[in-house]
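Asks: sequence plus predicted model, see below.
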Amino acid sequence: QVQLVESGGGLVQPGGSLRLSCAASGSIVKINNMGWYRQAPGKQRDLVASITSGSTTNYADSVKGRFTISRDNAKNTVSLQMNNLKPEDTAVYYCTANIVTTLYSSLRVQNYWGQGTQVTVSS
């Protein structure tokens, strides 16, 4: 019923930039928090950045000053602008959103995840 579709990953040299985007679609009543996580090989999935419906943001210390999260509530999208990328930013990046949906006239709140997009930072 709800899908999160990510785009924008790829291969970039150290110091370069990438922009990730994620679009939510389906029977959406409201989207609460949205965010991006990442998971490197052999490591746990960690929060990169999050943004509330009122656009309050939160960042992992490792990306502060380099990454910027934003959202467009009218389009149900969230983006992550990544600048000055480092090899240690290499990971699969996942979009997530806390979404209110409607089913048979009742409301349901659930966390949804995208399929992930690979970001590789290498020379």
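Replies: Ah, there it is.
Asks: the residue nearest to Asn76 when sequence neighbours are not counted - how many residues pack around it?
Replies: Ranked by Cβ to Cβ, 6 or more residues apart in numbering and with sequence neighbours excluded, the top spatial neighbour of Asn76 is Ala24, at 4.3 Å. C-beta: built from backbone N, CA, C; applies to glycine. In terms of burial, Ala24 registers 20 neighbours under the definition other Cβ atoms under 10 Å.
Asks: what about Ala24, distance to Gln13?
Replies: In this structure, Ala24 lies at 31 Å from Gln13, with Cβ to Cβ, to the nearest Å as the measure.
Asks: Gln115 too?
Replies: For Gln115, the distance to Gln13 - Cβ to Cβ - is 25 Å.
Asks: check Ala74 too.
Replies: The gap separating Ala74 from Gln13 is 34 Å, by Cβ to Cβ.
Asks: higher neighbour count, the two?
Replies: With other Cβ under 10 Å as the criterion, Ala74 and Gln13 differ in neighbour count, and Gln13 comes out ahead with 10 against 6.
Asks: from Asn84, how far off is that one?
Replies: From Gln13 over to Asn84 the distance is 11 Å, taken as Cβ to Cβ.
Asks: how about Ser123, nearest residue that isn't a chain neighbour?
Replies: Once flanking residues are discounted, Ser123 sits nearest to Gln13: 5.4 Å by Cβ to Cβ, 6+ apart.
Asks: cool, Asn32 as well?
Replies: Per Cβ to Cβ, 6+ apart, closest to Asn32 is Asn98, 4.1 Å.
Asks: give me the neighbour count for the one you found.
Replies: Residues within reach of Asn98, counting by other Cβ under 10 Å, total 17.
Asks: ok, it - contacts?
Replies: Asn98 makes contacts with Ile31, Asn32, Asn33, Met34, Val109, Gln110, Asn111, Tyr112, as judged by Cβ atoms under 8 Å, 6 or more residues apart in numbering.
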